[in-house]
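Q: Got a predicted structure plus its sequence, pasted below:
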Amino acid sequence: MYVKVCGLKTAEAATEAVTDGADAIGVVMSPKSSRHVDTHTARTVIAAAKAARADVDAVLVVNDLPAVDAADMAVEIGADVLQLHGPAYSSADFSAAARTLPRLWRATSLKHDPHPVLGAHGEERLLLDAPKPGSGSTWDLSVLEGLGLEGEWLLAGGLNPDNVAQAIRKAHPWGVDVSSGVESAPGEKDLGLIRAFVEAAKQAE
């Protein structure tokens, strides 16, 4: 099971996630988010993750930055992947960003995309989020059971160490993404919860 720990703000949390076995880490650059980081912090977090394991996927997550600017920023901070989050980004935005950074992920929700298809915008991977990203709102797993999504897609939204195994068994995602579910307060990662989440997700395979 591929595991991404997102919304990291410290080198310590990034090192913990990767050491515990996370396959990807994410930094958020969105001023409205409690997980927003500046360029220097993003670069520091990614460098720490790469020092812990060179092949980890470092992901820049944006939801209001123009796609081309976001791609430039991803390169600047050393990210491997740009995740364009939400309905504001069109296929044209993905195409434009890909000229700078070919590895693009698309994050959407069933509210905005009731029948999501991996690769619809040319993205490498699809992340299916809850209706309110970052809110910790949990899924109605019965909706996901019949979704029929195929390929490299990640389930996100309301996941935590206690429910991730059940979510994996019900929805059969290729990977999972966590942010609020491993926090002690909004934007503040708990190292013990990160460790417990990665362990639970990996054991659920």
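A: Perfect, I can see it now.
Q: Helix or strand with the lowest mean pLDDT in the protein?
A: Counting by mean pLDDT, DSSP states H and E, the weakest-scoring helix or strand in the chain turns out to be helix 141-145, with a mean of 71.
Q: can you list the weak-confidence ranges in the protein?
A: 131-141, 145-146, 205 (pLDDT under 70).
Q: At which residues are the strands of it located?
A: In the chain, strands defined by DSSP state E lie at 2-5, 24-28, 57-62, 81-85, 104-109, 125-129, 153-155, 175-178, 183-185, 188-189, listed in chain order.
Q: Only alpha carbons, please: show the second one as CSV.
A: As requested, the backbone C-alpha atoms of strand 24-28 are provided in CSV (Å, rounded to 0.1, in the frame of the first residue of the first chain):
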residue,chain,number,x,y,z
ALA,A,24,5.5,10.2,-0.3
ILE,A,25,5.4,13.4,1.7
GLY,A,26,3.5,16.5,0.9
VAL,A,27,4.0,20.2,1.6
VAL,A,28,1.1,22.7,1.2
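Q: the helices in this protein, which residues?
A: With DSSP state H as the criterion, the chain has helices at 11-20, 39-52, 67-77, 91-98, 141-145, 164-171, 191-203.
Q: May I see the ones you listed organised as CSV, with distance to K4 added?
A: Every C-beta, even on glycine, is put in place using the N, C-alpha and C of the backbone. CSV is the format used below for the helices of the chain (distance: least, CB to CB, whole Å):
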stretch, distance to K4
helix 11-20, 9
helix 39-52, 11
helix 67-77, 15
helix 91-98, 19
helix 141-145, 18
helix 164-171, 12
helix 191-203, 10
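Q: between these, which one is nearest to V61?
A: helix 67-77 (9.3 Å; CB to CB).
Q: Now do that closest one against strand 24-28, angle only.
A: 120 degrees (axes from the mean of the first three to the mean of the last three CA atoms, to 10 degrees).
Q: And helix 67-77, what's buried?
A: The neighbour-count check on helix 67-77 (16 or more other CB atoms under 10 Å) flags 67, 70-71, 73-74, 77 as buried.
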